[in-house]
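> Sequence first, then the predicted structure:
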There are 2 protein chains.
Amino acid sequence: MTTHKTCQASEETENAVLRGGELERFLGYRLRLAQILSYRKFEESFTDHGVAPRYLGLLGIVRANPGQLQNRLAEAVGLQRSSLVAILDRLEKEGILERRPIPDDRRAKGVWLTEHGESVVAVLSRAALEHEEGLTRGISPADRMRLIDMLGQVIDNLRD
Amino acid sequence: MTTHKTCQASEETENAVLRGGELERFLGYRLRLAQILSYRKFEESFTDHGVAPRYLGLLGIVRANPGQLQNRLAEAVGLQRSSLVAILDRLEKEGILERRPIPDDRRAKGVWLTEHGESVVAVLSRAALEHEEGLTRGISPADRMRLIDMLGQVIDNLRD
DNA sequence: CAGATATAGTTCGATGAAGAACTATACGTT
DNA sequence: AACGTATAGTTCTTCATCGAACTATATCTG
């Protein structure tokens, strides 16, 4: 392990964020980093709306699939069933969604957005659109579509 | 809120993973999902190597930037400084890396991979390559490169 | 029908990450 | 030099998530 002196020419690179060398060519590496940073930035832009911003993905799934079972929702967002309990408790408490027994299976509950939840999702979705513009600066609309499609392919691959 | 009957034609869609409706067009949504699933799959493929697989990204950064400060590493992987402490403790305990005081700043420590750490990273990187093949099935090599480049652009945008 | 097996939602303990606060150190200003 | 401000790594608490275990319910098999 050697120590090397800083020279003037590399002062600018000294202040830059460290890079991951060969791992920069790995999709998994960039996926993780992009997600952490994106997630954080989206959440930082909210000081209201309770916990809902964090769970916009889940709320979108509930909205598109009203009355679905909790285990189905957990699967869809990539969480364990047990993790979803506290989340649903919170969102239910905030009046955003409600759980109700379903007629075919007495073990299970269906999940629905409330009217309030619908409006919260609408607000957050608009904010998310704005957030997306920051994410994709310098990327053409066509390329953005390609990016999203390819991520969809990755997701499908992982779900096989 | 209406309940609707299941008909035969949608039995196949009934078993499919729930989708996110309009949110499927959001990069943030797909980023998160792709990352959760990818991360989980990568980790599931390891029963040895201690905690190292989880932190391959970090180890890659350490490897590419030997002797850098902890706060710089935390920044690079998108973690808080406090979170990095326990991680480094673990990795140091497993003989993968070492922290050492640096001469210019008595508050700070530099982080280096050990020889053992180098070999662990090599093994994990090969496994990650294999993992990548599963992720990108059905995506051409050129498109995969495009995907990675675009994610790099997203990351740079988020770091501005 | 009885019993074995599987499953939905929940609880609880463990783990990883964030955030506040801390100590020691460094830097800037007067 | 003295003092105010900033910072690196750490500790401790809180929170989100996982995984094991649980109870009630559903399904399958003989």
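That came in fine, so what should we check first?
> mind listing what residue A:118 touches?
residue A:63 (Cβ atoms under 8 Å, 6 or more residues apart in numbering or on different chains). Where you see a C-beta, it was placed from the backbone N, CA and C, and this is true even at glycine.
> separation between it and residue A:66?
10 Å (Cβ to Cβ, to the nearest Å).
> for residue A:151, same thing?
Distance from residue A:151 to residue A:66, counting by Cβ to Cβ: 25 Å.
> out of those two, which sits in the busier spot?
residue A:151 (24 against 15; other Cβ atoms under 10 Å in any protein chain shown).
> How far off centre is the helix or strand hosting the more buried one?
Counting by DSSP states H and E, the element that carries residue A:151 is helix A:141-159. Taking Cα atoms, centre = their mean, to the nearest Å, one finds the center of helix A:141-159 at 15 Å from the center of the full chain.
> and that helix, does that touch DNA strand D?
No: judged by Cβ under 7 Å from any atom of the strand, helix A:141-159 and DNA strand D are separated, with a smallest distance of 13.6 Å.
> Quick one: list the elements packing against that helix.
helix B:27-44, helix B:115-135, helix B:141-159 (3 or more Cβ pairs under 8 Å, 6 or more residues apart in numbering or on different chains; DSSP states H and E).
> Show me the contact partners of that helix.
A:27, A:31, A:136, A:139, B:17, B:24-27, B:30-31, B:33-34, B:37-38, B:41, B:134-139, B:143, B:146-147, B:150-151.
> Please repeat the previous calculation with a cut-off of 6 Å.
With Cβ atoms under 6 Å, 6 or more residues apart in numbering or on different chains as the test, helix A:141-159 has contacts from A:136, B:17, B:27, B:30, B:33-34, B:37, B:41, B:135, B:137-139, B:147, B:150.
> From those, list just the buried residues.
A:136, B:27, B:30, B:33-34, B:37, B:41, B:135, B:139, B:147, B:150 (16 or more other Cβ atoms under 10 Å in any protein chain shown).
> farthest-separated two in these?
The span of the buried ones among the contacts of helix A:141-159, defined through Cβ to Cβ, is set by A:136 and B:41 at 26.1 Å.
> State the helix or strand in which residue A:17 lies.
With DSSP H and E as the criterion, residue A:17 is inside neither a helix nor a strand.
> Residue A:72 reaches residue B:18, doesn't it?
Yes: with contact defined as Cβ atoms under 6 Å, residue A:72 and residue B:18 form a contacting pair (5.5 Å).
> Would you report the backbone torsion angles of residue A:98?
phi -140, psi 150 (degrees, to the nearest 10).
> who touches it in this structure?
A:92, A:112, A:114.
> now residue A:29
Applying Cβ under 6 Å, 6+ apart, the residues contacting residue A:29 are A:20, A:23, B:57.
> Recalculate using a threshold of 10 Å.
Going by Cβ atoms under 10 Å, 6 or more residues apart in numbering or on different chains, residue A:29 touches A:20-23, B:56-57, B:60-61, B:77, B:128, B:132, B:148, B:151.
> and what of residue A:91?
If you count contacts by Cβ under 10 Å, 6+ apart, then residue A:91 has A:50-52, A:54-55, A:58-59, A:62, A:84, A:97-99, A:111, A:113-114, A:117, A:120 around it.
> and those near DNA strand C, which?
A:84, A:99.
> Mind checking which of the contacts of residue A:91 are buried?
For the contacts of residue A:91, buried by 16+ other Cβ under 10 Å: A:52, A:54-55, A:58-59, A:62, A:84, A:97-99, A:111, A:113-114, A:117, A:120.
> Give me the subset of those residues lying in helices.
The helices, defined by DSSP state H, take in A:58-59, A:62, A:84, A:117, A:120 from those.
> on that earlier part again, and which of the contacts of helix A:141-159 is nearest residue A:160?
For these, the nearest to residue A:160 is residue B:137 (8.3 Å; Cβ to Cβ).
> what's the spacing between that closest one and chain A?
5 Å (Cβ to the nearest Cβ, to the nearest Å).
> which residues does that residue contact?
Residue B:137 touches A:153-154, A:156-158, A:160, counting by Cβ under 10 Å, 6+ apart.
> Can you redo the ones in helices among the buried ones among the contacts of residue A:91 as a markdown table, where the extra columns are pLDDT and distance to chain B?
Shown next, in a markdown table, are these (pLDDT from 0 to 100; distance: Cβ to the nearest Cβ, whole Å):
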| residue | pLDDT | distance to chain B |
| --- | --- | --- |
| A:58 | 96 | 9 |
| A:59 | 96 | 9 |
| A:62 | 97 | 9 |
| A:84 | 96 | 13 |
| A:117 | 95 | 11 |
| A:120 | 94 | 14 |
